[in-house]
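>>> Sequence plus the predicted model coming up.
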Amino acid sequence: MYQILLLFCVIYPSNGAIEISKHLKVCNRNSLDLNDCIVEAVRDGIEKMATGIEELDIPPLDPFFQDELKVEYKNNQIAVKMLIKNIYVEGLKGSTVHDARVRADEDNFYMEVDLSAPSIVIRGDFKGEGQYNALKVKAYGDFNTSMSDLIFTWKLDGVPEKNGTDTYVRIKSFYMRPDVGNMISHLNNENPETRELTNLGTSFLNQNWRVLYRELLPYAQSNWDKIGTNVANKIFSKVPYDQIFPSGT
Ligand SMILES: *[C@@H]1O[C@H](CO)[C@@H](O)[C@H](O)[C@H]1NC(C)=O
Ligand SMILES: *[C@@H]1O[C@H](CO)[C@@H](O)[C@H](O)[C@H]1NC(C)=O
């Protein structure tokens, strides 16, 4: 019966079906070396997705382009309101996939992938206002931030959901908390009136980047959650669960 069904499916592929294995490596969820297979699949996937996969509507991931990001930050003495535009993030394709752990069963999907990257560079344009006690600084221009020796784990949490006759995994969240070896930012403030101040501020930040990183991490994480969940769902929503991770027979 299974054979007949299979034959039927091969002859009559459901309309608009996407052959995922054409683009990405497929792993058998009951395989004993599932984790090794995932490592290979992610390694291969990063390479393919670096330039994007049109048929799966996946944007290029390296460089990854983000139109804009609003940052509002406030603590006791400091308030920053900034709009960052034309953001490019470069370097993901230089990363190494070390290990992966997957739990793919009927009710839950959970995946962790351990990676490291020698270098990630972020560039963009900024426009905003900072306040330090009574001192207000308006600035605009461009910036870049170079991070080196990153170690991070992608954590994807999802739930299989039935849609019609097929089951798809809906990714609910994407989480990572990169450990960064070093971080240096350059800020090119085009406002001459405040340039000296922003230069001072930048060198202060470069000396204390760990504090800055920790403070800004939650903003970055909510941004990554949206992007990671979105990209993952582009894969998972188009391809039935048992096609991404065939359960085998
Ligand atoms: C960042 O900007 C500075 C100053 O404009 C420049 O000297 C440096 O090469 C840039 N770094 C990267 C990685 O592009
Ligand atoms: C089910 O699939 C249809 C057609 O692909 C899609 O439009 C719809 O959003 C899906 N529903 C859910 C709950 O995912």
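Looks like it came in fine. Numbers count the residues shown, from 1 in each chain. Ligands and ions are numbered 1, 2, ... in the order given.
>>> Tell me the helices and strands packed up against the biggest strand by length in the chain.
Using DSSP state E, we find that the single longest strand of the chain is strand 135-163. The contact analysis (3 or more CB pairs under 8 Å, 6 or more residues apart in numbering; DSSP states H and E) places strand 135-163 against strand 109-132, strand 166-175, strand 182-189, helix 195-207, helix 209-236. C-betas here are computed from N, CA, C, even on glycine.
>>> so which of these gets nearest ligand 1?
Of all those, it is strand 182-189 that lies closest to ligand 1, at 3.6 Å by CB to the nearest ligand atom.
>>> For the closest one, which strands pair with it and how are they oriented?
Here strand 182-189 is paired, per DSSP bridges, with strand 135-163 (antiparallel).
>>> Output the helices and strands packed on strand 135-163 in JSON lines, with distance to ligand 1 appended to each entry.
Below are the helices and strands packed on strand 135-163 laid out as JSON lines (distance: least, CB to the nearest ligand atom, whole Å):
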{"stretch": "strand 109-132", "distance to ligand 1": "5"}
{"stretch": "strand 166-175", "distance to ligand 1": "26"}
{"stretch": "strand 182-189", "distance to ligand 1": "4"}
{"stretch": "helix 195-207", "distance to ligand 1": "10"}
{"stretch": "helix 209-236", "distance to ligand 1": "15"}
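>>> Any regions of this structure where pLDDT drops low?
Scanning the chain for pLDDT under 70 picks out the ranges 1-18, 246-249.
>>> gap between the longest strand of the chain and the chain center?
Distance of strand 135-163 from the chain centroid (CA atoms, centre = their mean, to the nearest Å) equals 7 Å.
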